[in-house]
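Quick check, what structure comes out for this input:
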Amino acid sequence: MSDMAFCRGCGKQIHKEAVACPQCGAPQHTAGKKSRISAALFAFFLGGFGAHKFYLGKPWQGILYLLFCWTFIPAIVSFIEFIIYLCNSDQEFARKYG
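Residues are numbered from 1 along each chain as shown. Below is the predicted model of the structure:
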């Protein structure tokens, strides 16, 4: 059995237990991986309450969104984050939040 696998980001051959690709830096293991589309949907539908921040593992930011949800500022910011999540590539999103 081979000890090699292919990178999820660039397709280069790497060791199967590598945490990240030495060529492109893309993370390789999917355990605990956050979905970019899920985060975007949370930001769009429940962003005013900080659901996407809780999903991404940033509970203090989520609490701030909850505290200020009555001002609608978190809703505006989360809509901008929704667009950013959709515009990022999967590798960029995984690098920042994965």
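
going forward, measure contacts and count neighbours with C-alpha atoms only.
Fine.

show me where pLDDT drops low in the chain?
In the predicted model, the chain carries pLDDT under 70 at residues 1, 29-32, 98.

Go through the longest helix seen in it and flag the buried ones.
Taking DSSP state H as the criterion, the chain has its longest helix at helix 73-87. If you call a residue buried by 16 or more other Cα atoms under 10 Å, then helix 73-87 has these buried ones: 74, 75, 78, 79, 81, 82, 85.

which one is the second one nearest to, not counting chain neighbours?
What it means is residue 75. Counting by Cα to Cα, 6 or more residues apart in numbering, residue 75 lies nearest to residue 48, which is 3.9 Å off, once chain neighbours are set aside.

swap in the last one?
Counting by Cα to Cα, 6+ apart, residue 40 is the residue found nearest to residue 85 once chain neighbours are left out, at 5.6 Å.

Hmm, that neighbour is touching residue 86, no?
Yes - the pair residue 40 and residue 86 passes the contact test of Cα atoms under 8 Å, sitting 6.5 Å apart.

which residues in the protein form helices?
Per DSSP H, the chain has helices spanning 36-46, 51-55, 59-67, 73-87, 90-97. These are given in chain order.

contacts for the fourth one?
Contacting residues not belonging to helix 73-87 are listed as 36-37, 39-41, 43-44, 47-50, 65, 68-69, 93 [Cα atoms under 8 Å, 6 or more residues apart in numbering].

again, but for the last one
Outside helix 90-97, the residues that touch it by Cα under 8 Å, 6+ apart are 9, 26, 27, 33, 34, 36, 56, 85.

Break this structure down into its domains, please.
Structural domains of the chain, as assigned by automatic domain parsing, span the residue ranges 1-31, 32-98.
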